[in-house]
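> got a predicted structure plus its sequence, pasted below:
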Amino acid sequence: MVPDLSRRRLLAGGGALALSGMAGVGLANSGWLSGLTDDGGRSVPEQVWQPPVSQAHADATLERLETTADRAERLADRVERRTGSAPRWADEPASGWLADARRESVPRERLSDATSGLATAGSRIGEAKEILGGTVSDDARDRSLAVRSEADRLQDELGDYPVSNPSRDLACLYFVEVESDNVSFLAPFDGSSESTTGDLSQFHSRLLRAEQALANARYYRNRYRDELGDQTRPVRHSVQDAQREFIDSIDALPSENDVQEAITPDEARYYGTDVYQQATQPLWADCYDSDFRYGTDGRRRDHDVQRLVDTGRALLWRRGCQYARTELSVTPDQEEFDRDRMLEAESGAVDTYESVRSNYDAPLPELFVQSGATAITVGQSRTEFGQTSELYAKATTFYLVGIGILQAIEDVVSTLPS
């Protein structure tokens, strides 16, 4: 599916589309969809809701980047003395992210830039070490094990999810668990005989990002604790019950294979004209995801708030697929797709978003409204690549999926703990 949190982008570097879950800063704030609007000038936000980031947390990340960049520069000097040639990145080991982070006054944006810089500078550290004949040190392995252990300890502390304001507190816990999950995914050594990544460049980049993810998880955990009122009640069982209801609803809907067979009755995966392919492919390629069912990349099974949001979003994308299938009206032999149809769908999607968003002005429901916003912004981004019938068709599909998601929000929100 179009993810709220893309693992591929997480591996690729700091800035990413935390759209299915984008929880981590630096993962969710690349800005690649920002500024997109319909013809009426109305925009849909890239992120519907995120916990505030303090200036102190952003500044601490910037300081971590400054220290890391200094270390990379010292290693570059050693490379030059050893080989007679400085690495190509010697003058800017963070590829401009350090300067960007220093200039940025908005804490979340500073955190995002600094996180991207850590990924880049870490990669350069590993590259320099490799040129110097280094290997993964015992200290680096110990740091990887320590960050994993600390993330586990932090998760254990969450207990039965005591809350005083379920919407606010569970939404914050979602970000704690996503960042904790990122630690387990990114930390490059898990105690086995081999590291979980292939070279020093990747190892050090992932290690630094894992350490930053842990710092983010601690920050969100502290926000959650600080905001708890005097009267709390445990809601873990309610969270688990809601997740099971979502799974039952998913199991009652057509499967990905059902959708593919309906779209391609001759069993050819890409059947029909280019317009038909572009219009229908998102219905099975982007609306279906099963990570919610099994967890991903070593995620602990007790990340129940994260799994609740992932499962609810998976249900919403399937509902969006159902709606789009009934409304799309495209045939396998169709060669043209009218731009006005796309604009009408876009306007309807933005109208629906604005209406639904005004009804759900609370953090936890807004994490689900995010899925509708994601579908719309992906649709708007399609025509950034050109003005063709194929792109109009694909954008229209995403707008219709977004409408379907947003129309199904009530069923999901009514199931959440309150």
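Perfect, thanks for sending it.
> following whichever helix or strand Ala101 is part of, which helix or strand comes up?
Assigned by DSSP states H and E, Ala101 belongs to helix 97-103. Once the chain leaves helix 97-103, the next helix or strand it forms, by DSSP H and E, is helix 107-131.
> other SSEs contacting that next one?
Using 3 or more CB pairs under 8 Å, 6 or more residues apart in numbering; DSSP states H and E, the elements in contact with helix 107-131 are helix 55-83, helix 97-103, helix 200-227. All C-beta spots, glycine's among them, are computed from the backbone N, C-alpha and C.
> among these, which is the most enclosed?
helix 200-227 (a mean of 22; mean count of other CB atoms under 10 Å).
> now do the helix or strand following it: everything it contacts.
Beyond helix 200-227 in the direction of the C-terminus, DSSP H and E gives the next helix or strand as strand 233-234. With CB atoms under 8 Å, 6 or more residues apart in numbering as the test, strand 233-234 has contacts from Gly159, Asp160, Tyr161, Pro162, Val163, Ser164.
> JSON lines for the helices and strands packed on helix 107-131, including mean pLDDT and distance to Ser116?
As requested, these are arranged in JSON lines below (pLDDT from 0 to 100; distance: least, CB to CB, whole Å):
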{"stretch": "helix 55-83", "mean pLDDT": "97", "distance to Ser116": "9"}
{"stretch": "helix 97-103", "mean pLDDT": "97", "distance to Ser116": "5"}
{"stretch": "helix 200-227", "mean pLDDT": "97", "distance to Ser116": "10"}
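> nearest to Ala140, out of these?
Closest to Ala140 of these, according to CB to CB: helix 200-227, at 6.3 Å.
> so how far is the closest one off the chain centroid?
15 Å (CA atoms, centre = their mean, to the nearest Å).
> for stretch 411-418, same thing?
Remark: stretch 411-418 is offset 22 Å from the chain centroid, using CA atoms, centre = their mean.
> re the thing from before, distance to Glu335 for the helices and strands packed on helix 107-131 - can I get that in TSV?
Shown next, in TSV, are the helices and strands packed on helix 107-131 (distance: least, CB to CB, whole Å):
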stretch	distance to Glu335
helix 55-83	51
helix 97-103	45
helix 200-227	45
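> residue boundaries of the strands in the chain?
Ranges of strands in the chain, per DSSP state E, are 162-163, 233-234.
> can you list the low-confidence ranges for this structure?
Scanning the chain for pLDDT under 70 picks out 1-41, 193-198, 265-271, 294-300.
> who touches the helix holding Ala101?
With contacts defined as CB under 8 Å, 6+ apart, helix 97-103 is touched by 14, 61-62, 65-66, 69, 92, 110, 113-114, 116-117, 120-121.
> show me what contacts the residue nearest to His237 when sequence neighbours are not counted?
In this structure, His237 finds its nearest non-sequential neighbour in Asp160, 7.6 Å apart by CB to CB, 6 or more residues apart in numbering. Shown in contact with Asp160 (CB under 8 Å, 6+ apart): Pro234, Val235, Arg236, His237.
> out of the contacts of strand 233-234, which are buried?
Tyr161, Pro162, Val163 (16 or more other CB atoms under 10 Å).
> quick check: the residue lying closest to Asp274 once chain neighbours are set aside vs Thr83, distance?
Of all residues not flanking Asp274 in the chain, Glu390 sits nearest, at 5.0 Å (CB to CB, 6+ apart). Glu390 sits 49 Å away from Thr83, taking CB to CB, to the nearest Å as the criterion.
> ditto for Ala58
Applying CB to CB to Ala58 and Thr83 gives a distance of 37 Å.
> ok, Phe292 next?
Per CB to CB, Phe292 is found 49 Å from Thr83.
> also Thr388?
49 Å.
> quick revisit: nearest to Gln281, out of the strands of the chain?
strand 162-163 (40.7 Å).
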